[in-house]
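> my questions are about this predicted structure, shown below with the sequence.
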Amino acid sequence: MDEKELTNVNEYKCPNCGAPLEFDPESGQMRCAACGSAFSVSEVSMSARGVHEQQGFDWSGYKNETSHETMNTAVYTCQSCGATIEADGTTAATKCPYCDNVIVMNERVQGGVRPNAVIPFKYKPKDLPGLVKKFYQGKKLLPNNFFKDTYLSEVQGLYVPFWLFDCGVEGGVNLEGERVFSYREGDYDVTEVHHYMLERDGSMHFSHIPVDASSKMSNDLMDSVEPFDFSELVDFEEGYLSGFLADRFDSEPDAELPRASARLMKSAEETLKETCMGYTSVHIRNNGMQITDSSVKYVLLPVYLLNCNYKGEKYQYAVNGQTGKVVGKLPVDKGKSARWFWGACAVGTAVCYVLLNLFF
């Protein structure tokens with residue numbers, strides 16, 4: 001296993017009292033919990049890295065680099081308590097488990113792997129109980145105390161790496177349209193189906209097609225937690241990571257472009273199908289459209305991850321840290337389900353009995 005000592009790390013300290021500074025979603029500033037001081041994110045980030053600006057991720061430049069290897073393990077020394085900590089090779093921001101000091105690993109967010117932009121967290125961990133309760137409220141078959149307070153108190157916000165693709169699509173499609181006519185002819189009900197061959201040509205451009213860039217994240221879960229409001233993207237500053245976890249991408253744009261292409265191609269097909277008016281149904285027979293002018297940005301998006309265990313099975317949930325949307329599959333309590341089934345059967349039986357007595 002490859003291992004490297006990380007020395008280029010930032011530990012954001014309050015200049016007034018020396019306590020850790022963390023990004024506060026409510027104010028959008030870096031705040032000190034000890035003395036209450038507040039500082040702008042850009043001010044703190046620039047002070048930590050120096051006044052020089054850094055260029056963000058560039059797809060063509062990244063592909064021309066000779067090495068894109070990511071370490072399996074990295075170690076760092078906490079400057080507050082002196083502990084030596086191991087971290088996953090893609091970890092970009094974390095906390096010291098011994099003294100809770102916030103740490104940003106500059107080598108993971110600088111140079112050619114520096115994110116282009118970030119959507120900062122809007123919701124704080126204290127908001128999660130209310131969001132989760134709204135998600136499961138009314139689910140009568142949910143096991144009792146499934147979302148325990150202890151689970152919610154351990155949730156940590158994570159900046160998930162995403163690729164945002166901009167792509168064009170142009171060309172033509174062949175479609176089959178159907179018109180169905182039904183009428184009565186003598187003693188017969190007649191249905192006629194008329195088939196039409198259709199052609200459509202066009203060009204479209206799609207912006208900000210999100211695809212998660214972490215192999216550790218469930219693609220289905222990350223797709224479900226959308227949408228994000230990309231009008232709130234801001235230029236990346238390291239200070240936004242302080243107090244949260246963050247990962248660097250470990251799946252490259254070339255590997256994820258097919259996922260983005262499939263999404264935009266489906267949207268393009270649906271758009272062209274909508275131009276075929278007056279048909280009962282329309283189907284794509286052949287798609288000759290091509291992807292053009294692909295470009296990508298590397299961004300970090302805010303997500304809370306929540307894991308719950310029920311009868312030996314793990315359930316994972318995601319909370320959109322910008323919109324508060326909660327997604328995930330809920331378990332069913334078999335005892336409650338059985339009681340509900342037999343209760344419904346009893347009600348049905350009673351109703352049938354009443355009707356029989358009324359009419360017979």
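Right, received. Where do you want to start? Numbers count the residues shown, from 1 in each chain.
> strands along the stretch 251-360 of the chain, start to end?
281-287, 290-310, 313-320, 326-327 (DSSP state E, counting those that start in this stretch).
> what residues of the second one count as buried?
Within strand 290-310, the residues scored as buried using 16 or more other C-beta atoms under 10 Å are 291, 294, 296-306, 308. Every residue, glycine included, has its C-beta placed from N, CA and C.
> now do it, average pLDDT.
In this model, strand 290-310 carries a mean pLDDT of 90.
> would CSV of the strands of the stretch 251-360 of the chain with distance to N116 be doable?
What follows is the strands of the stretch 251-360 of the chain, written out as CSV (distance: least, C-beta to C-beta, whole Å):
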stretch, distance to N116
strand 281-287, 31
strand 290-310, 4
strand 313-320, 20
strand 326-327, 26
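> the longest strand anywhere in the chain - contacts with which helices or strands?
Scanning the chain for the longest strand, with DSSP state E as the assignment, gives strand 157-185. Secondary-structure packing of strand 157-185 (3 or more C-beta pairs under 8 Å, 6 or more residues apart in numbering; DSSP states H and E): strand 188-212, strand 245-247, helix 253-273, strand 281-287, strand 290-310.
> reformat those as a markdown table; add distance to N10.
Formatted as a markdown table, the helices and strands packed on strand 157-185 follow (distance: least, C-beta to C-beta, whole Å):
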| stretch | distance to N10 |
| --- | --- |
| strand 188-212 | 25 |
| strand 245-247 | 12 |
| helix 253-273 | 27 |
| strand 281-287 | 48 |
| strand 290-310 | 16 |
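> and those: which comes nearest Q29?
strand 290-310 (16.2 Å; C-beta to C-beta).
> who does the closest one pair up with?
Paired with strand 290-310 in the same sheet, following DSSP bridges, are strand 117-118 (parallel), strand 157-185 (antiparallel), strand 313-320 (antiparallel).
> could you list the residues in contact with the shortest one?
This means strand 117-118. G56, Y159, L233, V234, D235, F236, E237, Y240, K297, V299, L300, L301 (C-beta atoms under 8 Å, 6 or more residues apart in numbering).
> now with 6 Å?
With contact meaning C-beta atoms under 6 Å, 6 or more residues apart in numbering, strand 117-118 is reached by L233, F236, Y240, V299, L300.
> any chance of CSV for those, columns distance to D187?
Below are the contacts of strand 117-118 laid out as CSV (distance: C-beta to C-beta, whole Å):
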residue, distance to D187
L233, 66
F236, 74
Y240, 74
V299, 66
L300, 69
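> any idea which of these is closest to N16?
Looking across those and measuring by C-beta to C-beta, the closest to N16 is Y240, at 21.0 Å.
> wasn't that closest one part of a strand?
No - counting by DSSP: H, G, I helix; E, B strand; the rest coil, Y240 falls outside a strand, being helix.
> just to revisit the earlier point, ok, the contacts of strand 117-118 vs M277, which is closest?
L233 (36.8 Å).
> for the closest one, what are its contacts?
A117, I119.
> again, 8 Å this time
A117, V118, I119, V299.
> ranking by neighbours, what's the top pick from these?
Among the contacts of L233, V299 has the most neighbours (other C-beta atoms under 10 Å), with 26 neighbours.
> any idea what that residue is bridged to?
Here V299, judged by DSSP bridges, has bridge partners A117, F162.
> ok, G157 touching F244?
Yes - using C-beta atoms under 8 Å, G157 makes contact with F244 at a distance of 4.4 Å.
> between the two, which is the more surrounded one?
Shown here are G157 and F244; by other C-beta under 10 Å, F244 has more neighbours (26 against 22).
> show me what contacts the closest residue to L164 other than its chain neighbours?
Counting by C-beta to C-beta, 6 or more residues apart in numbering, K297 is the residue found nearest to L164 once chain neighbours are left out, at 4.5 Å. Residues in contact with K297, defined by C-beta under 8 Å, 6+ apart, are G56, F57, N116, A117, W163, L164, D166.
> number of nearby residues for the fifth one?
Other residues near W163 number 24, with proximity taken as other C-beta under 10 Å.
> wait, it sits on V211?
Yes - applying C-beta under 8 Å as the test, W163 and V211 come out as touching, 5.0 Å apart.
> joint contacts of those two?
Joint contacts of W163 and V211 (C-beta under 8 Å, 6+ apart) are E256, A260.
> follow-up on the earlier one: dump the contacts of K297 into TSV; add pLDDT and distance to E270 as well.
Output for the contacts of K297, formatted as TSV (pLDDT from 0 to 100; distance: C-beta to C-beta, whole Å):
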residue	pLDDT	distance to E270
G56	82	33
F57	86	31
N116	94	29
A117	96	28
W163	97	23
L164	97	21
D166	95	19
